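Peer 1: Below is the structure, and that's it, no one-letter string:
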Ligand code: G6P
């Protein structure tokens, strides 16, 4: 997703802008650009497809006191120099992160007024609209304020204008903050881009419009009323992977999930509709064409794919299969060029997943999408479309925040596919987007259950085996829970679809075999309760994660932890969290090497 840096200072800001873009590289991008005012106050622009380093080469020797810069992740229009930001209208330049959903209507209007568009982006309407408004409102700040009133969608923008010693920025939905420096003032998508010049940050709120001058900043609300926002001293270290107060990276990463989800869902934060372009410029066309979906992945990523199968078949109504990449790559499966191939990978470098995507392409399947946590990874580069989960670096070998952010990405994919295939009503779209927006808060509430889960962990420490049960889209969550437990506590754990219990694993149940059940309050709850009775009747110890409204009673041998109320389609994202915490605490009790379990690697780049 695009990144923005803006600077106005008593120094040459070109190196600051470039260093800021380097720090935003993690967001993923395909082209970069910057605009600055030269000594005679005229506008200059540099753009390049590819790495920030190429832009830096072009910018060598350039100097300016004022400029805006951008890394672009193509949504409207392919990655190319003409589509790269900044976009210009006469002496005015704009960089933008997000999507202006009603750009087509504004573009038509501006074309009618004689504006000539030179790119395929939605962003260019911002430049021309502000320029147009400047004719009747000859004040850049006011013109930007009036322009933002026209935009529907999520955006963060920064604007400069020839002859003016100021930068105007605005945000709605996409992130943007101000950096208050000693020699000037700055703005960026993310604090990491500005730590090079200041630690004093002002986080803008949705609807804020700010004017940055060299010695001051001011902020107004959409109605023009002035507002002040607190200045925060950033405690971010340049190295975002320090442990801080946590004992292990895994624990830290479990607790980072609300923020990781919020970052991943950034593009729908202020948006009223789901835009397929968040998956890439060609996504609308490919999603409309897809007759089926094939998901390829390994390990934890495979489990997120299994959840998505339930979602896609239910909401989009097209077949979805999920296959372990190491199997698919050597199998003579039936290939289908109208199938959307989705590769899910935290690292983007897993050899089997990469080989599976290449194999699919060799067999004529070119509709490929990567859902990945690493922007410039091999799998992202291999695929036609991409969605970056924004989990941040994941260090613990047992994947946690990568998993839940993959689920968030897959939920967006499900909605985008459903929309492109005419299966999503406006009301359902709103409801699903609202649920997604509240997901970080809902996960935060589940994290508060840690003390109860920690108490359970003692019961598992001397066990050698455990069974995990789930049904429906929580069956893959049971699988993920079992994987977590075996990875870091070395307890043999297996997951079963609860309905399968009587076909074999019930024979194993006795007092020494704890049975962990994921019991959300959904249409399968009554059936699950019968399955649990089967365990209880054989003297098994049951550990049930129920929803607050599940009405699963506690009794002898039946231990219950209640999550908040049932969370519908997104419930798997909540239910995996206690299972992550359980395996973490069992591993603590057992004293294993939590972050580096024996025999396992974080990124498996060999077969
Ligand atoms: C390894 C890791 C797992 C991960 C799997 C797939 O086994 O230990 O945590 O789920 O690889 O990795 P990927 O990076 O492709 O998601």
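Peer 2: Great, that's in hand. Here the structure is a predicted model, which is why all the values come from computation and not from measurement.
Peer 1: And residue 334, how close does it get to the ligand?
Peer 2: Using CB to the nearest ligand atom, to the nearest Å, residue 334 is found at 24 Å from the ligand. In short, each C-beta sits where N, CA and C put it, glycine included.
Peer 1: Likewise for residue 117?
Peer 2: The value you get for residue 117 to the ligand, if CB to the nearest ligand atom is used, is 40 Å.
Peer 1: Check the gap between that residue and residue 107 for me.
Peer 2: 7 Å (CB to CB, to the nearest Å).
Peer 1: Which one's more surrounded, these two?
Peer 2: More crowded of residue 117 and residue 107, by other CB atoms under 10 Å: residue 107, with 19 against 15.
Peer 1: Which strands and helices lie in contact with the helix or strand hosting the more buried one?
Peer 2: Secondary structure from DSSP states H and E places residue 107 in helix 103-112. Judged by 3 or more CB pairs under 8 Å, 6 or more residues apart in numbering; DSSP states H and E, helix 103-112 is in contact with helix 124-136.
Peer 1: Centre of the chain to whatever helix or strand comes next after the helix it packs on, how far?
Peer 2: As assigned by DSSP H and E, the chain's next helix or strand after helix 124-136 is helix 140-148. Its chain's average C-alpha position is 30 Å from that of helix 140-148, according to CA atoms, centre = their mean, to the nearest Å.
Peer 1: Then stretch 272-283?
Peer 2: Distance, centroid of stretch 272-283 to centroid of chain: 14 Å (CA atoms, centre = their mean).
Peer 1: Would you mark the buried spots in that stretch?
Peer 2: In terms of neighbour count (16 or more other CB atoms under 10 Å), stretch 272-283 has its buried residues at 273-281, 283.
Peer 1: could you pull out the strands for the stretch 51-200 of the chain?
Peer 2: In the stretch 51-200 of the chain, the strands defined using DSSP state E, counting those that start in this stretch lie at 66-72, 87-89, 92-100, 153-161, 167-172, 177-180, 184-188, 200-203.
Peer 1: could you give the angle of the fourth one to helix 140-148?
Peer 2: It stands for strand 153-161. 160 degrees (axes from the mean of the first three to the mean of the last three CA atoms, to 10 degrees).
Peer 1: For the helix or strand that contains residue 415, which helices and strands make contact with it?
Peer 2: Secondary structure from DSSP H and E places residue 415 in helix 401-420. With contacts taken as 3+ CB pairs under 8 Å, 6+ apart, helix 401-420 sits against helix 257-264, helix 283-289, helix 299-315, strand 339-345, strand 368-372, strand 385-388, helix 426-447, helix 571-590.
Peer 1: In a markdown table: these, plus distance to residue 529 and mean pLDDT.
Peer 2: Below are the helices and strands packed on helix 401-420 laid out as a markdown table (distance: least, CB to CB, whole Å; pLDDT from 0 to 100):
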| stretch | distance to residue 529 | mean pLDDT |
| --- | --- | --- |
| helix 257-264 | 29 | 95 |
| helix 283-289 | 39 | 96 |
| helix 299-315 | 20 | 98 |
| strand 339-345 | 32 | 98 |
| strand 368-372 | 34 | 98 |
| strand 385-388 | 37 | 94 |
| helix 426-447 | 22 | 95 |
| helix 571-590 | 16 | 97 |
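Peer 1: Let me have these in a markdown table, extended by distance to residue 250.
Peer 2: Output for the helices and strands packed on helix 401-420, formatted as a markdown table (distance: least, CB to CB, whole Å):
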| stretch | distance to residue 250 |
| --- | --- |
| helix 257-264 | 12 |
| helix 283-289 | 33 |
| helix 299-315 | 12 |
| strand 339-345 | 19 |
| strand 368-372 | 21 |
| strand 385-388 | 22 |
| helix 426-447 | 14 |
| helix 571-590 | 6 |
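Peer 1: Once you drop chain neighbours, what's closest to residue 187?
Peer 2: Closest residue to residue 187 apart from its sequence neighbours, by CB to CB, 6 or more residues apart in numbering: residue 6 at 4.2 Å.
Peer 1: so what's that neighbour bridging to?
Peer 2: Beta-bridge partners for residue 6, by DSSP bridges, are residue 68, residue 187.
Peer 1: show me what contacts the closest residue to the ligand within the chain?
Peer 2: Evaluated by CB to the nearest ligand atom, the chain has residue 299 as its residue closest to the ligand, separated by 2.8 Å. Under the criterion of CB atoms under 8 Å, 6 or more residues apart in numbering, the neighbours of residue 299 are 350, 399, 483.
Peer 1: can I get these in JSON lines with secondary structure?
Peer 2: Below are the contacts of residue 299 laid out as JSON lines (DSSP: H, G, I helix; E, B strand; the rest coil):
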{"residue": "350", "secondary structure": "coil"}
{"residue": "399", "secondary structure": "coil"}
{"residue": "483", "secondary structure": "helix"}
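Peer 1: Now tabulate the residues you listed in CSV and tack on neighbour count, pLDDT and distance to residue 532.
Peer 2: Converted to CSV, these look like this (neighbours: other CB atoms under 10 Å; pLDDT from 0 to 100; distance: CB to CB, whole Å):
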residue, neighbour count, pLDDT, distance to residue 532
350, 28, 90, 36
399, 27, 96, 28
483, 22, 98, 22
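Peer 1: can you put those in TSV and add distance to the ligand?
Peer 2: What follows is the contacts of residue 299, written out as TSV (distance: CB to the nearest ligand atom, whole Å):
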residue	distance to the ligand
350	3
399	4
483	8
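Peer 1: Within range of the ligand, give me the residues from the stretch 251-400 of the chain.
Peer 2: The stretch 251-400 of the chain comes close to the ligand at residues 298-301, 345-347, 350, 353, 397, 399, as judged by CB under 6 Å from any ligand atom.
Peer 1: which of these sit farthest apart?
Peer 2: Greatest spacing in those, by CB to CB: 353 and 397 (16.7 Å).
Peer 1: Looking at these two, which is more packed in?
Peer 2: Set residue 353 next to residue 397 and count neighbours by other CB under 10 Å: residue 353 wins out with 31 against 20.
Peer 1: Surely that one and residue 325 touch.
Peer 2: Yes - between residue 353 and residue 325 there is a contact at 4.3 Å, judged by CB atoms under 8 Å.
Peer 1: what's the overlap in contacts for those two?
Peer 2: Common neighbours of residue 353 and residue 325 (criterion: CB under 8 Å, 6+ apart): 296-298, 343.
Peer 1: Turn those residues into TSV, columns for neighbour count.
Peer 2: Below are the shared contacts of residue 353 and residue 325 laid out as TSV (neighbours: other CB atoms under 10 Å):
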residue	neighbour count
296	32
297	29
298	21
343	28
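Peer 1: Tell me who's in contact with the closest residue to residue 421 other than its chain neighbours.
Peer 2: Residue nearest to residue 421 in three dimensions, not counting chain neighbours: residue 316, with 5.9 Å by CB to CB, 6+ apart. Neighbouring residues of residue 316 by CB under 8 Å, 6+ apart: 293, 414, 417-418, 421, 423.
Peer 1: can you list these in a markdown table and add pLDDT and neighbour count?
Peer 2: Formatted as a markdown table, these follow (pLDDT from 0 to 100; neighbours: other CB atoms under 10 Å):
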| residue | pLDDT | neighbour count |
| --- | --- | --- |
| 293 | 98 | 26 |
| 414 | 98 | 25 |
| 417 | 98 | 28 |
| 418 | 98 | 24 |
| 421 | 96 | 17 |
| 423 | 96 | 15 |
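Peer 1: among the residues you listed, which two are most distant?
Peer 2: 293 and 423 (13.4 Å).
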